[in-house]
Each structure stands twice: as C-alpha cells, then as structure tokens.
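I'd like to go over a predicted model; first the sequence, then the structure.
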Amino acid sequence: MSDDDAEVSDTRRLPTLDKRPGDDDGPRESGAPEVVANPGDGHHPGRYWSARRVPAAVVALVLLGATGLLLYDVAAVRAGRHAMAWRSRLGHQLATRHLDNPWILGAAAAATVIGIWLIVLAVTPGLRERLPMRRTAPGFRAGLDRSAAALVLRDRAMEVSGVQSVRLKVTRRKARTLAFAHFRDLDEVRDDLRTALGDGLEQLGLVRGLHLIVNVRRPKKR
C-alpha cells in the first residue's frame, strides 16, 4: 500500500455514522455524474505537521559525534599530540585528489541528496494519513485517519441493497469505491451508492471535501 492510499476491502459490518433522517425517503435522482464533490466548509487550516523526531534525532546524533570527535582531535593536536590517522589521511586525500575524481563527485552528490532531503522534510508538513476536520469549538482541532474514513464509508456502502462487497481507497483528495453487486440493476446500485457515500462524506466533517468516484461491477463467476 502506498503512502497516499488507505484501502479497505473487508466486508464485515462495523459501527459507523448514524444516518440522517430522510436518507431513505423518496426516490433518488438518476443519471448523477460519476464524480461527486463534497465541498466542505471552504476553510482550509492546513494539514498537520509532523514532528520529524527520527530524522532530527539521526541528524543531531551524527553532527554531535562528528563535531565532538573533530574538536577532540584539534584539542589533542594543540596539546602537542599527533593528529588522528583518519584526519591525516583525509587531509592528504583532499590535498592530492582533483575535483573531477569519482570519489569527490560521489561524496558531493551524496551530500547534496541528503541536504535536499532535509530541506524537503523541513518545509513539508508530513502526516499524509491524517485528514483535517472542521473546527467545532474554539481552540479545538481534530483529524481523521484515512483508514478510519475508509472504514466508515465502506460500512455505509455495505448498507446499500444489492451490494455484496466493497473496496474503498481514500487518498488526500479522492475516495475511490469499487462495489460488487450480485443483484439489482447496476445503475440503480450506483445511484444509491453515490447518495449513501455522499451523505457519509458530509458527516465526516472534513475541511477539504473528497471527490467521490464510484464503480459498480458484477462479481466474477466461480
């Protein structure tokens, strides 16, 4: 499973959001578009920022060890002792090797890649699995994991008549649904799924609405 995707294919029923009154009242409109947008509330406070504890700890430990070792060797030389063998070899290699040497180019490329990686970690929020939810009280902020959102929507889809199993994949911007219907007309099942999942997305209370994509197929014959 990729970082952007949270997929649920289990067909067991789990607790979900309560339906609103009138969900099953009256005929549903047919011929709805394949992609339905849940607009949210128009306010975008942004994603959650990761603390990046592991990369920060690794960088801090590496810099601390290298700096401490270098300072110790410099202090030892100032005290009249010989420099460590590794620093003497390193100084000799830097003085004798040309800039187009493969080892010099490889070390420079590695340092560049590590630097770019650290910059990306510093300027991006991370926590891609957490979807921001609308604020319901001042000073309170909530988020919903994609896997939990997929479970809730999958359970709503399983309540639609004719649906045998459902596969749901929730990303940052889309909710893809693949349902298998063993009876009823596929267009009717698709319309009911759009209605049920659209209501489910609205009740999730997400800040940024997800695009709902619904596909309905017949199960494969065994």
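Arrived safely.

Report how many residues lie close to the spatially closest residue to residue 184 that is not a sequence neighbour.
Spatial nearest neighbour of residue 184, chain neighbours left out: residue 162 (3.5 Å); criterion: C-beta to C-beta, 6 or more residues apart in numbering. Where C-beta positions appear, they are placed from N, C-alpha and C, glycine not excepted. Neighbours of residue 162 under the rule other C-beta atoms under 10 Å: 17.

Could I get the full set of helices for this protein?
53-78, 85-96, 102-123, 146-158, 186-204 (DSSP state H).

got a list of contacts for the second one?
Think helix 85-96. For helix 85-96, contacts defined as C-beta atoms under 8 Å, 6 or more residues apart in numbering pick out 70, 73, 103.

Report the buried members of these.
For those, a burial check counting by 16 or more other C-beta atoms under 10 Å picks out residue 73.

And for residue 197, the neighbour number?
So residue 197, with other C-beta under 10 Å, has 27 neighbours.

meant to ask about residue 209
Counted by other C-beta under 10 Å, the residues lying close to residue 209 total 19.

before we move on, back to that, point out the most buried one among the helices of the chain.
Across the helices of the chain, averaging neighbours per residue (mean count of other C-beta atoms under 10 Å) puts helix 146-158 on top, at a mean of 22.

Could you dump the helices of the chain into TSV with distance to residue 171 added?
Shown next, in TSV, are these (distance: least, C-beta to C-beta, whole Å):
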stretch	distance to residue 171
helix 53-78	24
helix 85-96	47
helix 102-123	20
helix 146-158	7
helix 186-204	13
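
With mean pLDDT and distance to residue 217 added, can I get those helices in a markdown table?
Shown next, in a markdown table, are these (pLDDT from 0 to 100; distance: least, C-beta to C-beta, whole Å):
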| stretch | mean pLDDT | distance to residue 217 |
| --- | --- | --- |
| helix 53-78 | 88 | 42 |
| helix 85-96 | 83 | 63 |
| helix 102-123 | 88 | 39 |
| helix 146-158 | 92 | 13 |
| helix 186-204 | 92 | 8 |
